[in-house]
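Novice: Coordinates for the following, if possible.
(one chain, ligands or ions: 1)
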Amino acid sequence: MQLFLDGSDINKIRKYCELGLIDGVTTNPSIILKSGKNMIEVISELAGIVSGSVSAEVSALDSDTMVQEGIKLAEIAENVTVKLPITWDGLKACKTLSNKGISVNMTLCFSSSQALLAAKAGAEYVSPFIGRLDDLNLEGIDLISDIKLIYSNYKFSTKILAASIRTVNHVKQCACFGADVATIPLDIFEKLVKHPLTDSGLSQFTADWEKTGQSII
Ligand code: E4P
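Specialist: Sure thing, here's the model as predicted:
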């Protein structure tokens, strides 16, 4: 499973990219608002740091303007993926942009039927929002497994980009159910390595090693 970071904190994204663990980045209008920065500048900077896909979302609601915005966003860098909402206008714009060879991520996916349409429209990615479904007391992860089944039944190449991830357990579930990508907020990403038994085990091994009086280098 590829790991994307869901955010725009340039310093932290650079740090984890340098570790070689990050395959891409996703943004949305709320993330851009929180950054307080100009969207074009943020996307341009992120696209220079990350070698993989960087999703940038259009603001228009009609397909013609979505296409114009999408072309402008795609011109920022080769690795920009244009993010479009799953509406009829979004699907129409997806078809147009995909036919031009532009990578599209269909976002705000909450049902398998929407994911089916995204694949038919030629999207490179579909983004099911599992956390927001959980917020409604639904099993968000079920949507990942349903889309996985549908895409494998018909051999669609659209990748499942699990979004709206709120917990470490969501990341595990996405991997178990075969999501192609999980886009993870930085605070959750930083928790992935943590385990109290790792910390206590390491403390004990370090203390015992010191008692041996040995050194390796
Ligand atoms: C990413 O592509 C999505 O926009 C993001 O994961 C949404 O997350 P949220 O539901 O926590 O806002």
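Novice: Could you list the contact residues of the protein toward the ligand?
Specialist: Contacts of the chain with the ligand, taken as CB under 6 Å from any ligand atom, map to Asp6, Thr26, Asn28, Thr107, Ser127, Phe129, Gly131, Arg132, Ala163, Ser164, Thr183. Any C-beta I mention is one placed from the backbone N, CA and C, and that applies to glycine too.
Novice: ok, of those residues, which come out buried?
Specialist: The neighbour count (16 or more other CB atoms under 10 Å) marks Asp6, Thr26, Asn28, Thr107, Ser127, Phe129, Gly131, Ala163, Ser164, Thr183 as buried among these.
Novice: And the residue nearest the centre of the protein?
Specialist: Centroid-nearest residue in the chain: Thr183, 2.8 Å away (criterion: CA atoms, centre = their mean).
Novice: Strands of this structure, residue ranges please.
Specialist: Using DSSP state E, the strands of the chain run over residues 2-6, 24-26, 54-57, 80-85, 104-109, 125-128, 159-162, 181-184.
Novice: what about the second one, distance to the chain center?
Specialist: When you say that, I think you mean strand 24-26. Put simply, strand 24-26 sits 5 Å off its chain's centre (CA atoms, centre = their mean, to the nearest Å).
Novice: Quick one: mean pLDDT over that strand.
Specialist: Average pLDDT, strand 24-26: 98.
Novice: Now do that strand: everything it contacts.
Specialist: 2, 4-8, 13, 46, 50, 52-55, 79, 81, 83, 105, 127, 161, 163, 181, 183 (CB atoms under 8 Å, 6 or more residues apart in numbering).
Novice: Can you give me the neighbour number for Pro196?
Specialist: 7 (other CB atoms under 10 Å).
Novice: on that earlier part again, so which of the strands of the chain is nearest Asn38?
Specialist: strand 54-57 (12.0 Å; CB to CB).
Novice: what sits against Ala77?
Specialist: Neighbours of Ala77 in contact, by CB under 8 Å, 6+ apart: Ile43, Ser44, Ala47, Gly48, Val54.
Novice: try 6 Å
Specialist: With contacts defined as CB atoms under 6 Å, 6 or more residues apart in numbering, the neighbours of Ala77 are Ala47.
Novice: Kindly provide the distance from the closest residue in space to Thr87 that isn't next to it in sequence to Trp88.
Specialist: Take Thr87 and drop its neighbours on the chain: the residue closest to it by CB to CB, 6 or more residues apart in numbering is Leu61, 7.4 Å away. Computed as CB to CB, to the nearest Å, the Leu61 to Trp88 distance reads 11 Å.
Novice: cool, and Asp62?
Specialist: Distance from Asp62 to Trp88, by CB to CB: 10 Å.
Novice: between the two, who's got more neighbours?
Specialist: Neighbours around Asp62 and Trp88, counted as other CB under 10 Å, are more numerous at Asp62. The numbers are 13 against 9.
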